[in-house]
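J.: Got a predicted structure here, sequence first:
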Amino acid sequence: MSLGTSKVVFQVLSRAVPQTVNDEPFFYSSNSTLPSKFRVKCKKKRASRHGDLIKCSSVRKIPLGTYPSHWMGISSLGNRTIRHPWLQSCKCQQAGSASGMGTGDGNGAWFVDNADKLNSINNMMDAPPVLEFQDVEQLKQEKKVLTSNGTNGTIRDTFDNISLNSVEEEAWDLLRESVVYYCSNPIGTIAAKDPTNPNVLNYDQVFIRDFIPSGIAFLLKGEYDIVRNFILYTLQLQSWEKTMDCHSPGQGLMPASFKVRTVPLDGDDSAEEEVLDPDFGEAAIGRVAPVDSGLWWIILLRAYGKCSGDLSVQERIDVQTGIKMILRLCLADGFDMFPTLLVTDGSCMIDRRMGIHGHPLEIQALFYSALLCAREMLTPEDGSADLIRALNNRLVALSFHIREYYWIDLKKLNEIYRYKTEEYSYDAVNKFNIYPDQIPPWLVEWMPNKGGYLIGNLQPAHMDFRFFSLGNLWSVASSLATMEQSHAILDLIESKWTDLVAEMPFKICYPALEGQEWQIITGSDPKNTPWSYHNAGSWPTLLWQLTVACIKMDRPYIAAKAVEVAERRISRDKWPEYYDTKRSRFIGKQAQLFQTWSIAGYLVAKLLLADPSKAKILITEEDSELVNALITANPRKKRGRKNLKQTYIV
């Protein structure tokens, strides 16, 4: 079918098939009543309202990417017009189609010019044009001949480029096939879509933390609708009511995930409704509420505004209220004396028992980043003054606390080795009563002469010396770590490349818990065995956080090297969730294949490396006010009782 004929067919069908686009899913005026229920509903009639236009046996979604970019539908975003690529297609023959060339194969398949589609994507990536299939096959044969003659340099480079382009194209196809729709609108991506695995568990749901790399990938490609819908619809699932029931989510909590379900409409047999069914941890393994969901939501909201230029979303009353509720939940007074967030095991990406309860670095880095993003987006009003004041105070205290007490390098390690214990005073050196014997033997040999990192956790008489990747990488991206510390973290990654990257980036933590330590800390968790899953397994999705951190520090070659390692096998291995063994040689024993955030993490890394300037939508720079506040507070000076009313508690 020629491209011109395809356009005619599409124009006819686009007028016949109804397009349901909800440009404003929710809007609340200042007098509106905020939602009190977690489940969002969308009614739809079972019988077609357009029976006179089209005869359908069923309707299915067409995956994004099936059409070339110039075929994509149009939807409105505020006062701007944006291409809307999510369309519907019928499985049956349309009455009165152009010369019968609608869906003549009976399966609703569209025949498009694949070379044109591939070239349009590669032009956006500044890559060489993709050849036709016959050209690729011919190139393979020529490569064999030239290799035997020893003159294969140029041809090999061209063939490698084609191979890498095919990996990216496959990744985009898989990402778009994972899109979830609600009332005909794209609303997120499912966690994994492995057609060979019937045991989906909860991987058929949309997880907030999992969607972040998917959302960033769509933003970087200029496809904003799905991210906007995700932000607004998940906001409606936020817990807005105070509750005294310990088994109900606290006010302001964002769900870990949600699922689109279709259920019969009560009292009307001719209709059904779609509902968004959230999970706040009640059904999760371990029954732990997600602390990081709300923090990631704020970070994505800022990225959407910066990338699309559409600030109307973050200025909406309901969105502003959602931001404030998350902040109030995180800034609430409690029994904890530290500026860090106190959380339980399993409340973040590591969602199983791994001994990270207390003040894990990952949560602190996301907390700091979300505070900076929220401060940037909050609209000034009288009711926000106290919240902004508390936010600024926490930023100063949290920044100093992490930089001073979580940092470890060879010099600091030697200092801890010589600590005195049982110190009682305001100017004690060993403030948390850390015993030098806690220094693990592996760290003495592992710590390089150049480089350092932020430890995983800090509590009274306890330092978790493990290296946790996400916390360190996001500390760099958010400027929680100083410039010197950020460079030192990347120095350590380069120095310990064999341990942290090996044959597939990137270790979620290092080292693994083994032996009796594994039995006690994990409870002999059969999924978190040594060098597997969260216990020092390798997670390809961490590629995008690594890339953001490297670009911020003007060292993108580190991320490019890691992406090159991943490209050698990640497509061949069917995009696993994680890898096992110390050198990441095996696909994880319980890893889901076609894991969406593994796919999206790779794509975001490629897009950012192609245009590093786009990383600014995720990076937060340390501002001069915060630096001056740290200097003014002078946290290093000795403190007596007369200073107990000092604003910044460090």
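T.: All right, it came through fine. Residues are numbered from 1 along each chain as shown.
J.: Compute the number of surrounding residues for residue 492.
T.: By other CB atoms under 10 Å, the residues close to residue 492 number 22. Backbone N, C-alpha and C define where each C-beta goes, glycine included.
J.: quick one: it and residue 452 touch, right?
T.: Yes - judged on CB atoms under 8 Å, residue 492 makes contact with residue 452 at a distance of 6.3 Å.
J.: correct me, but residue 265 touches residue 272?
T.: Yes - contact status for residue 265 versus residue 272: in contact at 5.6 Å, counting by CB under 8 Å.
J.: From the chain's centroid, how far away is the host helix or strand of residue 374?
T.: Remark: residue 374 resides in helix 361-377, with elements defined by DSSP states H and E. Counting by CA atoms, centre = their mean, to the nearest Å, helix 361-377 is centred 14 Å from the centre of its parent chain.
J.: Tell me the pLDDT of the residue positioned nearest the centre of the chain.
T.: The centroid of the chain falls nearest to residue 212 when counting by CA atoms, centre = their mean (2.9 Å). Looking at residue 212, its pLDDT stands at 98.
J.: Okay, it and residue 575: tell me how far apart.
T.: Note on residue 212: its distance to residue 575, by CB to CB, to the nearest Å, is 17 Å.
J.: Which parts of the stretch 201-350 of the chain are helices?
T.: Taking DSSP state H, counting those that start in this stretch as the criterion, the stretch 201-350 of the chain carries its helices at 208-220, 225-237, 292-308, 312-315, 317-331.
J.: quick check, distance from the second one to the centre of its chain.
T.: Going back to what we said before, that points to helix 225-237. 15 Å.
J.: got the angle for that helix vs helix 208-220?
T.: Interaxial angle of helix 225-237 relative to helix 208-220 (axes from the mean of the first three to the mean of the last three CA atoms, to 10 degrees): 150 degrees.
J.: what comes up buried for helix 225-237?
T.: 225-237 (16 or more other CB atoms under 10 Å).
J.: farthest-separated two in these?
T.: Farthest pair in those (CB to CB) is 225 and 237. Separation: 18.7 Å.
J.: one step back: what is the subsequent helix or strand relative to the helix holding residue 374?
T.: Following helix 361-377 in sequence, per DSSP H and E, is helix 385-405.
J.: Show me what the helix holding residue 374 packs onto, helices and strands only.
T.: Applying 3 or more CB pairs under 8 Å, 6 or more residues apart in numbering; DSSP states H and E, we find helix 361-377 packed against helix 292-308, helix 317-331, helix 385-405, strand 452-459, helix 469-477.
J.: most packed of those?
T.: Mean neighbour count (mean count of other CB atoms under 10 Å) peaks for helix 469-477 among the helices and strands packed on helix 361-377, with a mean of 27.
J.: Output it as PDB, nothing but the C-alphas.
T.: Listed next in PDB are the C-alpha coordinates belonging to helix 469-477 (Å, rounded to 0.1, in the frame of the first residue of the first chain):
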ATOM      1  CA  SER A 469      23.200   3.200  43.800                       C
ATOM      2  CA  LEU A 470      19.900   5.100  43.500                       C
ATOM      3  CA  GLY A 471      20.500   7.100  46.600                       C
ATOM      4  CA  ASN A 472      24.000   8.100  45.500                       C
ATOM      5  CA  LEU A 473      23.100   8.800  41.900                       C
ATOM      6  CA  TRP A 474      20.100  10.900  42.900                       C
ATOM      7  CA  SER A 475      22.100  12.800  45.500                       C
ATOM      8  CA  VAL A 476      24.300  13.900  42.600                       C
ATOM      9  CA  ALA A 477      21.400  14.800  40.400                       C
END
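J.: residue ranges with poor pLDDT in the stretch 201-350 of the chain?
T.: Applying pLDDT under 70 to the stretch 201-350 of the chain flags residues 241-247.
J.: which one of the helices of the stretch 201-350 of the chain lies closest to residue 563?
T.: With CB to CB as the measure, helix 208-220 is the member of those nearest residue 563 (13.7 Å).
J.: tilt between that closest one and helix 361-377?
T.: Counting by the same axes, to 10 degrees, helix 208-220 lies at 50 degrees to helix 361-377.
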